[in-house]
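> For reference, the sequence and a predicted model appear below.
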Amino acid sequence: MTTVAVLCDPPRPGLVLPDLVDATSLSPTEAADLYTALTKDTVRAVVDSGGELIVNYRPDEALDGEGAETEVREVVADVVDPAEVRFEKQVGESFAGRAGNTATHLLETEEVASVAITRPEAAFLARPEIDGAAMKLRSTDAVMAPAPGGRVYFAAFGEPIDFADCYAPPAFETLTNRVLDASLDVQFLETKPYLETAADLADVVTSVRTRRKAGGLVPRALAEWVEDAGLVVEVTDGGLAVTR
């Protein structure tokens, strides 16, 4: 069994998905609603898998305002009974630091067999990827799941590595190099979207709508958000763009 840590923020307008707010017509509130949907789907993917879920949230002392844990628990409650979920505060200044602290603590102090790190932005993470990574970890030391742009939507480890700045772009190469530098082996999952930029949003909206038309599987909460958002995907000189 792999322990899967979902590193997330409370879904507050102005805090989450800031690049989308800056580069698209989404309001801070709409971005927060999207982040809420992404968090629900990511938690659901872990719950449906054979992994053990930890919701790793950024605490009040790292943010402006109070009530971070309560806000995150309310999101999770739409998917699973919060009483059955382990909630832990993130510790560290950067995402790499927080991910590294979580993975190292679980592997070395709690002696779990393996640990995976993911985020709500892993828009199409589902049970097959989580269970597939667990299967691979029976014969390898780490599993990386790449996203476009050299990013990583899921990373799993059976042994600790040097996590300092391990998500430095391109994170896929940086993390893989750290695994190899530790004389460990690594395998890979298929590339999937990561929802962070305006271009990502266009790809994800297109994929969700196309899959639904064809009767394919889509993340439940994300699909509901896309249906309600009233967005239009257009072809521009720079590629696909999301408009109203």
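Alright, I've got the coordinates. Numbering: from 1, shown residues only.
> Any stretches of this structure with poor pLDDT?
Within the chain, no stretch has pLDDT under 70.
> Going along the chain, name the strands of it.
3-8, 52-57, 86-89, 115-118, 142-147, 151-157, 186-188, 232-236, 239-243 (DSSP state E).
> List the buried residues of stretch 38-54.
38-47, 49, 51-54 (16 or more other C-beta atoms under 10 Å). Backbone N, C-alpha and C define where each C-beta goes, glycine included.
> do stretch 126-139 as well
126, 129-130, 132-134, 136-137.
> surely residue 240 meets residue 203?
Yes. Assessed by C-beta atoms under 8 Å, residue 240 is found in contact with residue 203 at 6.8 Å.
> which of the two has more neighbours?
residue 203 (20 against 15; other C-beta atoms under 10 Å).
> nearest residue to that one other than its sequence neighbours?
residue 193 (5.7 Å; C-beta to C-beta, 6 or more residues apart in numbering).
> try residue 240
Per C-beta to C-beta, 6+ apart, closest to residue 240 is residue 202, 3.8 Å.
> Burial check on that neighbour, number of neighbours?
22.
> Is it in contact with residue 238, as I believe?
No. Taking contacts as C-beta under 8 Å, residue 202 lies outside contact range of residue 238: 10.3 Å.
> any chance of the strands of the chain in CSV, with distance to residue 70 too?
Listed next are the strands of the chain as CSV, based on distance: least, C-beta to C-beta, whole Å:
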stretch, distance to residue 70
strand 3-8, 14
strand 52-57, 10
strand 86-89, 10
strand 115-118, 22
strand 142-147, 30
strand 151-157, 27
strand 186-188, 38
strand 232-236, 36
strand 239-243, 32
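> between the ones you listed, which gets nearest to residue 16?
Taking C-beta to C-beta, strand 3-8 is the member of the strands of the chain nearest to residue 16, at 8.7 Å.
> what's in contact with that closest one?
39, 42-43, 46, 49, 51-58, 72, 88, 90, 95, 98-99, 102-103, 106, 112, 114-120, 130 (C-beta atoms under 8 Å, 6 or more residues apart in numbering).
> For that strand, enumerate its sheet partners and note whether each is parallel or antiparallel.
strand 52-57 (parallel), strand 115-118 (parallel) (DSSP bridges).
> count of neighbours near residue 13?
Neighbours of residue 13 (other C-beta under 10 Å): 15.
> That one contacts residue 34, doesn't it?
No. The pair residue 13 / residue 34 is not scored as a contact, 10.9 Å apart, by C-beta under 8 Å.
> who touches the spatially closest residue to residue 123 that is not a sequence neighbour in this structure?
Spatial nearest neighbour of residue 123, excluding adjacent residues (C-beta to C-beta, 6+ apart): residue 195 at 4.3 Å. Counting by C-beta under 8 Å, 6+ apart, residue 195 makes contact with 17, 34, 38, 121, 123, 201, 204.
> of those, closest to residue 66?
residue 17 (21.5 Å).
> Residue 42 versus that closest one, what's the distance?
Distance, residue 17 to residue 42, using C-beta to C-beta, to the nearest Å: 14 Å.
> who touches the residue positioned nearest the centre of the chain in this structure?
The centroid of the chain falls nearest to residue 119 when counting by C-alpha atoms, centre = their mean (2.0 Å). By C-beta under 8 Å, 6+ apart, the contact set of residue 119 is 6-8, 42, 153.
> if we go to 6 Å?
Listed by C-beta atoms under 6 Å, 6 or more residues apart in numbering, the contact set of residue 119 reads residue 7.
> before we move on, the earlier item: what are the phi and psi angles of the residue nearest to residue 123?
Main-chain torsions, residue 195, degrees, to the nearest 10: phi -100, psi 100.
> Tell me how far it lies from residue 120.
8 Å.
> now residue 1
From residue 1 across to residue 120, the span is 22 Å (C-beta to C-beta).
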